[in-house]
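Q: here you go, sequence then predicted model.
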Amino acid sequence: EEAQFALDNLRETEAAGATFAYVAYDHEPVEIEGARANNLSSEQLTANARAFCEAIAAAGYAPMLYGNQRDLLRLAPELRAAYPVWLAEYDVEVPTAPLDFSIWQYTNAGTVPGIPTDVDLNVWLEPQK
C-alpha cells in the first residue's frame, strides 16, 4: 500500500519533469495516536521494508533504505546488505553507526541560499575502486 502510494506520486511528479535516481523506504514513528506502524517488531519492519523495496524495484526504480542508527539496526542484516543505506546521524564529526551506508545525512539544520527554513544536508559516499 505504501509502495503504491509512492509510485503514484513518483509518476505524477515525473510527468511534471522530475527524475529520480533512488526511492527510499523511511520508517519513522509518527505522533498520531493509533498509528499503524509505530510499534512494529523487527521482523514485521523488515518484511514491510522488503515488500516496499521489491515493489519499487519491480516498477523500475532503485530502492534504498533510510533511517537513523536505531531504526536501521532493527532491519535484518541481509536486507541492509541488499539495498543501499542512507544513514541519518546528526551532531557528530564522523558517523558512529556500525553500518555500511551510501549516504550520510549529517544535519537537519542546514542552510541553503533561497530556502527560508532549515534543510537536511547529506554526503553521498562513492565506493572506493
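A: Received it, and whenever you're ready, just let me know what you need. None of these values were measured; they are calculated from a predicted model.

Q: give the other helices and strands that the longest helix seen in the chain contacts.
A: Criterion DSSP state H: the longest helix present in the chain is helix 42-58. Helix 42-58 sits against helix 2-15, strand 23-26, strand 63-67, helix 77-82, with contacts defined as 3 or more Cβ pairs under 8 Å, 6 or more residues apart in numbering; DSSP states H and E. Glycine gets a C-beta too; all of them are placed from N, C-alpha and C.

Q: residue 90 is nearest to which of the ones you listed?
A: Closest of the helices and strands packed on helix 42-58 to residue 90 is strand 63-67, at 12.9 Å (criterion: Cβ to Cβ).

Q: tell me how far that closest one lies from the chain's centre.
A: Its chain's C-alpha centre and that of strand 63-67 lie 3 Å apart, by Cα atoms, centre = their mean, to the nearest Å.
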